[in-house]
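**Q** Pasting a predicted model and its sequence here:
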Amino acid sequence: MPTLVSVFGIEPRRIGGTETFARELSLQLGERGWKSVLLFLSEPTAEVRRFLDLPNTSLGIYASANDGSLKIGRNLAGITRAHQPEILHLHFTGFLNLYSWIARAQSVKKVFFTDHHSRSAGYVPARAPFWKRHAARFINGPLTKVISVSNYGYECMTAFDLLPRNRFKMIYNGVDLSRVKTDTQRALDFRRRYAIPAGRAIVTQVSWMIPEKGISDFLETARLVTTQNRNVQFVIVGDGAYREQYMKDAEAMGIEDRVTWTGMVEDPFGEGVFAAADIVCQLSRWEEVFGWMIAEAMAHGKPIVATRVGGIPELISEGLSGFLVERTDAAAAAKKLIRLLQDPGLRRAMGDAGRKLVAERFNLKTNVAQLVKLYDI
């Protein structure tokens, strides 16, 4: 059975966009008689392991988060010797490394790299210096293709001029629409689990607890909204190093009773995160390369309020499926939220438009099929 090895530089702690991609890829490979080997930075949780358990799929660990490039390279060399894959695909590993040379030395026929990298706030793509361009063309010479997950990411990567432009391909991330359910019970269960009163509207942001995700702007937006509408609960789904500080900030603002912190949710779809939400926000400060949570919320028919950064404008039709505001502009975000909270008809219309857009542009099955076609299998 021919084999494709996918390397993901993440810890699989939840059923998120990466995990659903990995499962759909494995399914489509299985339909074509291929084996799928999925490698991560740590052992998957029991929930994720069950989700990824398919007849043609095996899971493994290729490194830890603290391993250096040399050790990772040795590990990958051992893995490719063991599995003898025809194709190696690298995700979340960093662009400039010798992994593609290691793979080719082990007779791997094709090596792919996907850029999932968000850029710093205000980042402007520019051509790399002469020495870096030539060094990169040698280091990444064996790469078959570089995949960008948005037009924004494509423009950033090609602007560097680190590889010929024909080596790059844009394929959007996607949402597994088969897992999107209209389930009022899930919404009720979510409210009950986090003690959210039945009469309150829910405004949700799903993200890591880091400054780049605009959590402080989300809290300030919550403060502004609750001065005019106390019948709303702001829910932050996720975890991270800054969570405790943000909780203290909410208390200092006097909105601690209007903010719910769920921590890590292993399966946001199954546990009703999006089913319970009335509106979903993504108030990122950095240049998001895609915005998986936005696409997932739209697939559930939820209107979006997000910042006009990176690739996010590619997901949202302004005024049709949601609203875009400038980064750090909490006042503008609050104004859009208040409008949506006051108009159920507008929420429904935007949700319907978003659901349709996801089906057309961000359908995981369709977009993974594009990738499999690019593999030429």
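**A** Ah, there it is.
**Q** give me the beta-bridge partners of residue 238?
**A** Residue 238 has the following beta-bridge partners by DSSP bridges: residue 263.
**Q** Over to the nearest residue to residue 72 once chain neighbours are set aside. Which of the three states is it?
**A** Distances taken as Cβ to Cβ, 6 or more residues apart in numbering put residue 63 closest to residue 72, at 4.5 Å, once the chain neighbours are dropped. Backbone N, C-alpha and C define where each C-beta goes, glycine included. Three-state call for residue 63 (DSSP: H, G, I helix; E, B strand; the rest coil): coil.
**Q** and if you look at the one 3 residues further on?
**A** Each residue gets one of three states, and residue 66 gets coil by three-state DSSP.
**Q** what about it, distance to residue 72?
**A** For residue 66, the distance to residue 72 equals 11 Å [Cβ to Cβ, to the nearest Å].
**Q** which of the two has more neighbours?
**A** Set residue 66 next to residue 72 and count neighbours by other Cβ atoms under 10 Å: residue 72 wins out with 22 against 7.
**Q** Can you verify my assumption that the more buried one contacts residue 62?
**A** Yes: proximity of residue 72 to residue 62 meets the contact threshold set by Cβ atoms under 8 Å, at 7.0 Å.
**Q** Quick one: the strands in the chain, in order.
**A** In the chain, the segments counted as strands under DSSP state E are 3-8, 35-40, 57-61, 87-91, 110-115, 145-148, 168-170, 201-206, 232-237, 259-263, 279-282, 304-307, 322-325.
**Q** domain parsing for this protein?
**A** As assigned by automatic domain parsing, the chain contains the domains 3-174+363-375, 177-361.
**Q** quick one on the thing from earlier: can you list the strands of the chain in JSON lines and add mean neighbour count?
**A** Formatted as JSON lines, the strands of the chain follow (neighbours: other Cβ atoms under 10 Å):
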{"stretch": "strand 3-8", "mean neighbour count": "24"}
{"stretch": "strand 35-40", "mean neighbour count": "23"}
{"stretch": "strand 57-61", "mean neighbour count": "17"}
{"stretch": "strand 87-91", "mean neighbour count": "24"}
{"stretch": "strand 110-115", "mean neighbour count": "22"}
{"stretch": "strand 145-148", "mean neighbour count": "22"}
{"stretch": "strand 168-170", "mean neighbour count": "17"}
{"stretch": "strand 201-206", "mean neighbour count": "24"}
{"stretch": "strand 232-237", "mean neighbour count": "24"}
{"stretch": "strand 259-263", "mean neighbour count": "17"}
{"stretch": "strand 279-282", "mean neighbour count": "28"}
{"stretch": "strand 304-307", "mean neighbour count": "27"}
{"stretch": "strand 322-325", "mean neighbour count": "24"}
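**Q** could you dump those strands to a markdown table with mean pLDDT and distance to residue 291?
**A** Below are the strands of the chain laid out as a markdown table (pLDDT from 0 to 100; distance: least, Cβ to Cβ, whole Å):
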| stretch | mean pLDDT | distance to residue 291 |
| --- | --- | --- |
| strand 3-8 | 97 | 19 |
| strand 35-40 | 97 | 22 |
| strand 57-61 | 96 | 27 |
| strand 87-91 | 97 | 17 |
| strand 110-115 | 97 | 15 |
| strand 145-148 | 98 | 14 |
| strand 168-170 | 98 | 15 |
| strand 201-206 | 98 | 11 |
| strand 232-237 | 98 | 15 |
| strand 259-263 | 97 | 20 |
| strand 279-282 | 98 | 6 |
| strand 304-307 | 98 | 7 |
| strand 322-325 | 98 | 11 |
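**Q** As JSON lines, these with distance to residue 357 would be great.
**A** As requested, those are arranged in JSON lines below (distance: least, Cβ to Cβ, whole Å):
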{"stretch": "strand 3-8", "distance to residue 357": "27"}
{"stretch": "strand 35-40", "distance to residue 357": "29"}
{"stretch": "strand 57-61", "distance to residue 357": "31"}
{"stretch": "strand 87-91", "distance to residue 357": "25"}
{"stretch": "strand 110-115", "distance to residue 357": "22"}
{"stretch": "strand 145-148", "distance to residue 357": "19"}
{"stretch": "strand 168-170", "distance to residue 357": "17"}
{"stretch": "strand 201-206", "distance to residue 357": "19"}
{"stretch": "strand 232-237", "distance to residue 357": "22"}
{"stretch": "strand 259-263", "distance to residue 357": "27"}
{"stretch": "strand 279-282", "distance to residue 357": "14"}
{"stretch": "strand 304-307", "distance to residue 357": "11"}
{"stretch": "strand 322-325", "distance to residue 357": "10"}
